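K.L.:
model this:
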Amino acid sequence: MTDVTKYTNSLGMVIRQIPSGRFLMGNDRPLADEIVRLGHWRYGDVDERPVHWVKITESFGLSETPVTNAQYEQFDPSHRESRGKMGFSTEDDEAVVFVSWYDAVRFCAWLSEREGKPYRLPTEAEWEYACRAGTTTAYHTGDALPPDSLINAGIVWYPTVRNPDIDHPVLLPVGKTPANAWGLRDMHGLVEEWCSDWYGEYEEHVYVNPVGPTFGDFRVTRGGSHSTEAYYLRSANRSGCLPDERHWYVGFRVAMGEDPQPARVRNPDWIARHQWNVISTVPESIEKGPDDDDSPYFAGPLEYVNIPHDSFGPLYGTHNHDPGFAVCPNGDLLAIWYTCVEEPGRELGIAAARRRFDRASGALQPKWDEPSIFWDAPDKNDHAPALWSDGSRLYHFNGLSAGATWGPLATILRTSDDSGATWSPARLIIPEYGPRHMPIAGVFALRDGTIVLPCDTPGGGKEGVEPGTALWLSEDHGETWYDAGGTIAGIHAGVVELADGSLLAYGRGRDIDGMMARSVSDDRGKTWQYDASPFPGIRSGQRIVLMRMKGTCEHGSDPLLLVSFAKEPLDSPNAFHIIDQSGAKRPITGMFAAVSFDDGKTWPFARPVSDDGPDRLIACMDRRTQRVGRSHAEWNGYLAGAQAVNGVVHVISSWNEYAFNLAWLCERPPALAS
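P.N.:
Numbering: from 1, shown residues only. Sure thing, here's the model as predicted:
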């Protein structure tokens, strides 16, 4: 760099000189009331701590504003086709969006060759240092942003329209906000900006020219964007995206200068608790049942969430819901679920807990391990996880929002070949953000090996779309995916393949004649026919399990299992009834299990998912107590289930685990005491 404070290149970019120096990176101080989000956030995000000294030893250049459409398209003229996508960034002087991290890196390489000067993306440390420009407040303007610097700030659902006042596109012209002390504009909230670093946790060290870890899932983005709460626009706030994501929130600005020379690399040396000491080999005792195969077996409830009530990031004691679940090839149970303060929030991440198979005893350990973070895109809503085992490999599916809310989601896949000890990098399998991309627990394989991923299609919005479930299929072991095209009646659907190759599904929210809708497809999900099922409809906070069991008893083999909810109270004329050991027909309420040996034509056995003990209160989702007993079972929760090699079915709600076998399912529940 020369001694001048700015330089204008051949694209018309103004490059500002940023002097060398040092600063405190991160945040651990109380925030002003204006930027406290819903009263929950007082000391910044967990990933902004510990605050640590960073030294930048060489001055560098940074573009005054983000790269514009006109500038970027001199490198990639084909990007004009993305102008105006979803209504964003149409004009020459608007910030370029719908560019991946790889696109931004290639642009910098092209510009370096064109200009004969070293261009690159800034490091995360350089970005925060330049944004602060010597300030220590939440923004370079102080502890609040001027109102004209906020662009559509809030929790935005667009392209879903829930609030027309904010759920809409906005203009993104660069250079319209006040400059900081070093002449940089648009540092708070025009577009998130790609940085060079992989995202990683901070450590308690003095860093010189830090460059972040050498590996990861996410590349850092900084600055926040339009259509985002002001809290996420702070100088210290950290965000991140998969490097091949392209959406309407993220653009970039360029740095000029040689690559920084770090004194040390920030690579974490820890692994999450659910990955500790995982034995990947399959034990010989895995097929041993908890009791004789002909004896009824039931166990539960056993809590698996176990997050302290006052935990506040990255695990939250506030709200834990929507689990995925699998029996690992090594016999362990693995549960994943989202943990958050509020479901549309950017803080929502995915937690995990493991219940280990004890090889010495040939049984599961009596308690679940303490939870830990499983997967968490920084400041992105990771809505709706799903977990599935094909017997040798684990598959983790997850929705990925561009920002807050689950309105538009992309979908990722990770796999593990060692029972979850390690995982492949996240890969976008549905890269476009849309309404049919929210994974549901209940992934399964057809008899020909095709993997079926159910995905919610939320209802509502300006189109008035009815709620339903889409099916995404992969015929090549998860490499490529396509939408089958049809829509199951109701969200959160459970789906199963029948003996004749057709598909049967039950979903929530589109009851027929007061009963849960039954959907049947004869063309692998391309079209569906609907009628009423024999089961009561379910409501908000509930999700079913529908699966084919493996096993044989006197009534038949490989039956269908449905675990659902009876929503009416016992004294209601519409209460759900079962037949007990006395032959009496009596009402039950809450979670029940039903079995069919003729592919769903009849369901001869049904009983509450309960130990049939005396009435008592148990803890359920988010520590709310519920009554269980001979006629009562847990009455809400998103269910997920899987069958172990020993024949035991494990079902989890949003809080508890239950286990039972086929003999228990086909045993009539005891009669009520006279």
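K.L.:
For the rest of this, base every contact and every neighbour count on C-alpha atoms.
P.N.:
OK.
K.L.:
What's the local residue count around residue 67?
P.N.:
Neighbours of residue 67 under the rule other C-alpha atoms under 10 Å: 24.
K.L.:
Make residue 1 into 241 and carry on from there
P.N.:
Noted, 241 is the first residue going forward, which turns the last one into residue 307.
K.L.:
pLDDT at the nearest residue to it once chain neighbours are set aside, what is it?
P.N.:
Take residue 307 and drop its neighbours on the chain: the residue closest to it by C-alpha to C-alpha, 6 or more residues apart in numbering is residue 493, 5.4 Å away. Note for residue 493: predicted pLDDT of 98.
K.L.:
Would you check that residue 493 makes contact with residue 431?
P.N.:
No. Counting by C-alpha atoms under 8 Å, residue 493 stays clear of residue 431, with 9.9 Å between them.
K.L.:
Identify the contacts common to these two.
P.N.:
Common contacts of residue 493 and residue 431, defined by C-alpha atoms under 8 Å, 6 or more residues apart in numbering, comprise residue 306.
K.L.:
Quick check: phi and psi on the residue nearest to residue 307?
P.N.:
When read as degrees, to the nearest 10, the backbone of residue 493 gives phi -130, psi 160.
K.L.:
which residues of the stretch 241-390 of the chain fall in strands?
P.N.:
All strands of the stretch 241-390 of the chain, identified by DSSP state E, counting those that start in this stretch, fall at 246-248, 254-258, 261-265, 292-296, 300-303, 359-360.
K.L.:
thinking again about what came up before, how close does the residue nearest to residue 307 sit to residue 844?
P.N.:
Look at residue 493 and residue 844: by C-alpha to C-alpha, to the nearest Å, they are 65 Å apart.
K.L.:
Tabulate the strands of the stretch 241-390 of the chain (CSV), appending distance to residue 353, mean pLDDT and mean neighbour count.
P.N.:
Formatted as CSV, the strands of the stretch 241-390 of the chain follow (distance: least, C-alpha to C-alpha, whole Å; pLDDT from 0 to 100; neighbours: other C-alpha atoms under 10 Å):
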stretch, distance to residue 353, mean pLDDT, mean neighbour count
strand 246-248, 16, 93, 16
strand 254-258, 17, 98, 23
strand 261-265, 29, 97, 18
strand 292-296, 26, 96, 19
strand 300-303, 17, 98, 25
strand 359-360, 9, 98, 24
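K.L.:
And residue 493 and residue 844? Which one has more around it.
P.N.:
Each of residue 493 and residue 844 has its neighbours counted (other C-alpha under 10 Å); residue 493 has more, 27 against 15.
K.L.:
For the more buried one, give its distance to residue 713.
P.N.:
In terms of C-alpha to C-alpha, residue 493 sits 38 Å off from residue 713.
K.L.:
same thing with residue 861?
P.N.:
Using C-alpha to C-alpha, one gets 32 Å for the distance from residue 861 to residue 713.
K.L.:
what do you get for residue 789?
P.N.:
From residue 789 to residue 713 the distance is 21 Å (C-alpha to C-alpha).
K.L.:
all strands in the stretch 391-540 of the chain, in order from the N-terminus.
P.N.:
Under the criterion DSSP E, counting those that start in this stretch, strands of the stretch 391-540 of the chain are mapped to 432-438, 447-448, 459-462, 479-481, 490-491, 495-496, 538-543.
K.L.:
quick one: which of the ones you listed is nearest residue 377?
P.N.:
Nearest of those to residue 377, taken as C-alpha to C-alpha: strand 459-462 at 16.2 Å.
K.L.:
helices and strands around that closest one, which ones?
P.N.:
Counting contacts by 3 or more C-alpha pairs under 8 Å, 6 or more residues apart in numbering; DSSP states H and E, strand 459-462 packs against helix 364-372, strand 432-438, strand 479-481.
K.L.:
contacting residues for residue 495?
P.N.:
Residue 495 touches 300-303, 359-362, counting by C-alpha under 8 Å, 6+ apart.
K.L.:
Chain neighbours aside, what residue packs nearest to it?
P.N.:
Among residues not flanking residue 495 along the chain, residue 302 sits closest, at 4.3 Å (C-alpha to C-alpha, 6+ apart).
K.L.:
Confirm for me that the one you found is in contact with residue 253.
P.N.:
No. The criterion here is C-alpha under 8 Å, and residue 302 misses it with residue 253 at 9.7 Å.
K.L.:
ok, now which ones touch residue 596?
P.N.:
By C-alpha under 8 Å, 6+ apart, the contact set of residue 596 is 571-573, 604-605, 608-609.
K.L.:
tally of neighbours for residue 799?
P.N.:
So residue 799, with other C-alpha under 10 Å, has 23 neighbours.
K.L.:
er, residue 913 actually
P.N.:
Taking other C-alpha under 10 Å as the criterion, the count of residues near residue 913 is 5.
K.L.:
Span of stretch 869-888 from start to end?
P.N.:
Per C-alpha to C-alpha, stretch 869-888 runs 22 Å from first to last residue.
K.L.:
That one: which residues count as buried?
P.N.:
Residues of stretch 869-888 classed as buried: 869-888 (neighbour count, 16 or more other C-alpha atoms under 10 Å).
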